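Student: When you get a sec, could you give me coordinates for this:
(chains A and B)
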Amino acid sequence: MSTKLRIMVPVKRVVDAAIRPRVNKAQTGIETQGVKYSINPFCDIAVEEALRLREGNKDLVESIHAVSVGGKKSQEVLRTALAKGVDTSTLVDVGEKEVETLSVAKVLAKLVEQQKSNFVLLGKQAIDSDANHTGQMLAGLLGWPQATNAAKIEISGDEVTVTREIDGGEEVVKAKLPMIVTTDLRLNEPRYASLPNIMKAKKKPLDTVTADSLGVDITPRVEILKVAEPPARGAGVTVETTDDFIAKIKEKGAL
Amino acid sequence: MIRPSLGVRWGAIRAYSKLTAEHYNVARGSYGSIEQSDLDFFKSIVPNGVVTDASDLEMFNEDWMHKYRGQSKVMLKPQNTEQVSKIMAHCNARKLAVVPQGGNTGLVGGSVPVFDEIILSLANMNKIRHFDPVSGVLTADAGVILQNADDYLRTQGFIFPLDLGAKGSCQIGGNLATNAGGLRLLRYGSLHGTVLGVEGVFATGEVFDGLSSLRKDNTGYDLKQLFIGSEGTLGVITGLSIICPPKPNAVNVAFLGLESFDKVQEAFVKSRSHLAEILSSFECMDASSLKLASHHCSLQAPLSDVHPFSVLIETSGSNSAHDEEKLSGFLEALMEEGIITDGVLAQDETQIANLWYWREFIPEASTKAGGVYKYDVSLPLPAMWELVDATNDRLIKQNLVGSTDEFPVVDTIGYGHIGDSNLHLNVAVRRYDDRVEQALEPFVFEFVAKHKGSVSAEHGLGFQKAHALHYSKSEHMIGLMKALKRHYDPNLILNPYKYLP
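Tutor: From the prediction side, this is the model:
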């Protein structure tokens, strides 16, 4: 007796992966003006995997719902997800401020309840904060099994088998639905959004709610004091002989 | 003299690095030969810039495709215009032939010697002289590498108005000398428009001080234009000033599938009116081009089905929301009117880079089977793909095309800059074969001449196409060019054996 999947895919809007982030003048965060934003690459992989699960077996997936926690502009990444083939979406409008991962996980837990999702597929981390917390915290809050850093996902009945990338090799884990899976880079190559789907996506539902309306307090607990670039690497020196070289590294305390 | 072959022979690495003079049976001009006293003089001018070691000279004697190889015994690397002037005055008095050389990335053998011409390298003239962030005018030495100029400008919020595949090696002086076209000519125009001033040295050593940064200057003949596209035959470019556009904040790329070349033209006309000022590229490739590329590329194909033609459209603007709205409105209109059958829109920078890769990888893919005959022509748009079809038919009729090894030709492909009416016709081959060459030449040139096109749209003439100039220029015009050459270079010492027939 198999359960139909109601997949939730949380997606985050981040500074494009190909762009080098710069610290802002006030040293309170990164420069956001005039910078290109895109869907977080790991979230893109999660969207792709949800679509492939459906394409691989039509009877497996009942719905795919995308969620983004962010400002109004996060609608862009939801549109991207919809254009690729996601059915419906919700923006949790929290304004422009960065929300801590625990708050995000609490918001998602509420939405999982509302949407009656039984499978949450999300990026292992967002490339801006690199926290790698949200999936794990969400699993903790819901009390569901989790498989992180997925490189392969197979579903058979209620059983989900995930191949994980770990140091020095692969690990295969198995759990029963409902479940959380976070995606790694090699899981798949995300598709392009086709024009017919981009046009269709404009008519797809995009709800907006607030954290308040979900009853989640997102007040930050951590205060960022200062953001700074790592010190620039100093210029190297050219040495004439091996003896000079040895003297130099001794001087630096490396030998 | 046996005429040089016009098919650029990529991939045939060592087989064609014969001496150009022997391979094409060229006779040396009556130039002087370098003596010790010449070397002593050069050393007094550029003490650290006289290279005579044969192994050090190898890579400057040969072009990067290993197609042309000269026999120069000395390379000079001046650091300023005054040194260039002294060198040229000496060479002119001694009738020593000189080949100016930038990054040596040319496609027609224009920057390497044929015999023992002195290689005059601009590599040590590599300084940005001045940038004015108000007007956007950059003044720089000729030997600045294009990528370095662009990187510098980007830190100032500007970009270089020229972009091309060889940007990491080519020099901006060489770009001017060859009037390089590239990927964004559609948007920023040709160097004849963006270059505001040129500093150069004529063959006689006379300095041409034309380093103006004025946008408007109607005082007399615009002499700097003589240097642009002259391929080092009139003088040596030592510095330049150029007006640079602001860096676009928002770039979008779409990749479209179309049924016919007529539809490509319709899409092009519409793109100019709908996208107007934000359109920065309109590149076309046929199904054979993408098929060839897909054999050698592990990236996901942009479109799942095969379309007779594909088009890459790029927009560059200042406001992403505004540009996206414009572009999506335009693309929807194309879909609704049935001009395009399918398409994708890049969602992030990685997808933008990957879509561009499909276009930029085609030249390389065309060489993978063994080699390629390459033609870079300008043609009126309606006739453009007629040439590809006619060439393909001709090769098939002569039984030269097939999927097995007995046939020399793999496929005939066409791609190019539709926005500039510039077609790259490539015949991908398993090996070079005289029958293929005879089927292609002079057929291609005659076709181009009949449609009043150009036999060299952006690669220049160099050694390879000097003899084909008459397909695009009248005897009268060639006569005027020769008179100009004699006026500025009376001893014909600059870049001999090339450019003019």
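
Student: and A:D93, how many neighbours does it have?
Tutor: 18 (other Cβ atoms under 10 Å in any protein chain shown). C-beta: built from backbone N, CA, C; applies to glycine.

Student: Quick one: residues contacting the closest residue to A:A139 other than its chain neighbours.
Tutor: The shortest distance from A:A139 to any non-neighbouring residue, by Cβ to Cβ, 6 or more residues apart in numbering or on different chains, is to A:Q146 (3.7 Å). Listed by Cβ atoms under 8 Å, 6 or more residues apart in numbering or on different chains, the contact set of A:Q146 reads A:135-136, A:139, A:175, A:179-182.

Student: just for the stretch 251-400 of chain B, where's the confidence low?
Tutor: Applying pLDDT under 70 to the stretch 251-400 of chain B flags no residue at all.

Student: what ranges do the helices span in it?
Tutor: When assigned using DSSP state H, counting those that start in this stretch, the helices of the stretch 251-400 of chain B occupy the ranges B:261-274, B:287-295, B:320-336, B:349-360, B:362-365, B:381-397.

Student: any chance of the ones you listed in a markdown table, with distance to B:E406 and mean neighbour count too?
Tutor: What follows is the helices of the stretch 251-400 of chain B, written out as a markdown table (distance: least, Cβ to Cβ, whole Å; neighbours: other Cβ atoms under 10 Å in any protein chain shown):
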| stretch | distance to B:E406 | mean neighbour count |
| --- | --- | --- |
| helix B:261-274 | 31 | 18 |
| helix B:287-295 | 20 | 20 |
| helix B:320-336 | 43 | 17 |
| helix B:349-360 | 31 | 19 |
| helix B:362-365 | 22 | 20 |
| helix B:381-397 | 14 | 17 |
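
Student: Any chance of the backbone angles for B:L379?
Tutor: The phi and psi values for B:L379, taken as degrees, to the nearest 10, are phi -140, psi 150.

Student: I figured it hits B:F445, correct?
Tutor: No: taking Cβ atoms under 8 Å as the contact criterion, B:L379 and B:F445 are not neighbours in contact, 11.9 Å apart.

Student: Okay, and the beta partners of the residue nearest to A:A139?
Tutor: A:I180 (DSSP bridges).

Student: again with the one 10 residues further on
Tutor: Assessed by DSSP bridges, A:S156 has beta-bridge partners A:E159.

Student: pLDDT value on it, please?
Tutor: According to the prediction, A:S156 has pLDDT 92.

Student: Tally up the residues packed near it, please.
Tutor: Based on other Cβ under 10 Å, the number of other residues close to A:S156 is 11.

Student: if I look at it, how far off is chain B?
Tutor: When distances are taken as Cβ to the nearest Cβ, to the nearest Å, A:S156 and chain B turn out to be 27 Å apart.

Student: again with A:T241
Tutor: Applying Cβ to the nearest Cβ to A:T241 and chain B gives a distance of 24 Å.

Student: Can you tell me the closest non-neighbouring residue to B:L223?
Tutor: Here the nearest residue to B:L223 in space, its sequence neighbours aside, is B:G210; by Cβ to Cβ, 6+ apart that works out to 6.3 Å.

Student: Was I right to think that neighbour contacts B:F202?
Tutor: No: under the contact definition of Cβ under 8 Å, B:G210 does not touch B:F202, with a separation of 11.6 Å.

Student: list the contacts for B:V195?
Tutor: With contacts taken as Cβ under 8 Å, 6+ apart, B:V195 has the following neighbours: B:176, B:224, B:228, B:240-242.

Student: can we see that at 6 Å?
Tutor: The neighbours of B:V195, taking Cβ atoms under 6 Å, 6 or more residues apart in numbering or on different chains as the test, are B:I242.

Student: List phi and psi for it.
Tutor: Note on B:V195: its backbone torsions stand at phi -80, psi 130 [degrees, to the nearest 10].

Student: Those residues of the stretch 1-150 of chain A touching chain B, which are they?
Tutor: Taking Cβ under 6 Å from any Cβ of the partner chain, the part of the stretch 1-150 of chain A that reaches chain B is made up of A:16, A:18, A:34, A:38, A:80.

Student: For the fourth one, give the beta-bridge partners.
Tutor: I take that to be A:S38. Those that pair with A:S38 in a beta bridge, by DSSP bridges, are A:V14.

Student: what distance separates the helix or strand hosting A:E113 from the centre of its chain?
Tutor: Assigned by DSSP states H and E, A:E113 falls within helix A:101-115. In terms of Cα atoms, centre = their mean, to the nearest Å, the centre of helix A:101-115 is set 14 Å apart from its chain centre.

Student: residues making contact with that helix?
Tutor: Outside of helix A:101-115, the residues within contact range by Cβ under 6 Å, 6+ apart are A:8, A:10, A:65, A:67, A:69, A:92, A:131, A:133-134, A:137-138, A:141-142, A:211, A:214, A:216, A:218.

Student: How about stretch A:186-202 and chain B, touching?
Tutor: Yes: contact of stretch A:186-202 with chain B is found when judged by Cβ under 6 Å from any Cβ, involving A:189, A:192-195, A:199.

Student: May I see the buried residues of that stretch?
Tutor: Of all the residues in stretch A:186-202, those buried under the rule 16 or more other Cβ atoms under 10 Å in any protein chain shown are A:187-188, A:190-195, A:197-198, A:201.

Student: Same check on stretch B:233-243?
Tutor: Residues of stretch B:233-243 classed as buried: B:233-243 (neighbour count, 16+ other Cβ under 10 Å).

Student: Make JSON lines from the residues you listed and add secondary structure, distance to chain A and pLDDT to it.
Tutor: Conversion of the buried residues of stretch B:233-243 to JSON lines gives the following (DSSP: H, G, I helix; E, B strand; the rest coil; distance: Cβ to the nearest Cβ, whole Å; pLDDT from 0 to 100):
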{"residue": "B:T233", "secondary structure": "coil", "distance to chain A": "41", "pLDDT": "97"}
{"residue": "B:L234", "secondary structure": "coil", "distance to chain A": "42", "pLDDT": "97"}
{"residue": "B:G235", "secondary structure": "strand", "distance to chain A": "39", "pLDDT": "97"}
{"residue": "B:V236", "secondary structure": "strand", "distance to chain A": "33", "pLDDT": "98"}
{"residue": "B:I237", "secondary structure": "strand", "distance to chain A": "33", "pLDDT": "98"}
{"residue": "B:T238", "secondary structure": "strand", "distance to chain A": "30", "pLDDT": "98"}
{"residue": "B:G239", "secondary structure": "strand", "distance to chain A": "29", "pLDDT": "98"}
{"residue": "B:L240", "secondary structure": "strand", "distance to chain A": "29", "pLDDT": "98"}
{"residue": "B:S241", "secondary structure": "strand", "distance to chain A": "27", "pLDDT": "98"}
{"residue": "B:I242", "secondary structure": "strand", "distance to chain A": "24", "pLDDT": "98"}
{"residue": "B:I243", "secondary structure": "strand", "distance to chain A": "22", "pLDDT": "97"}
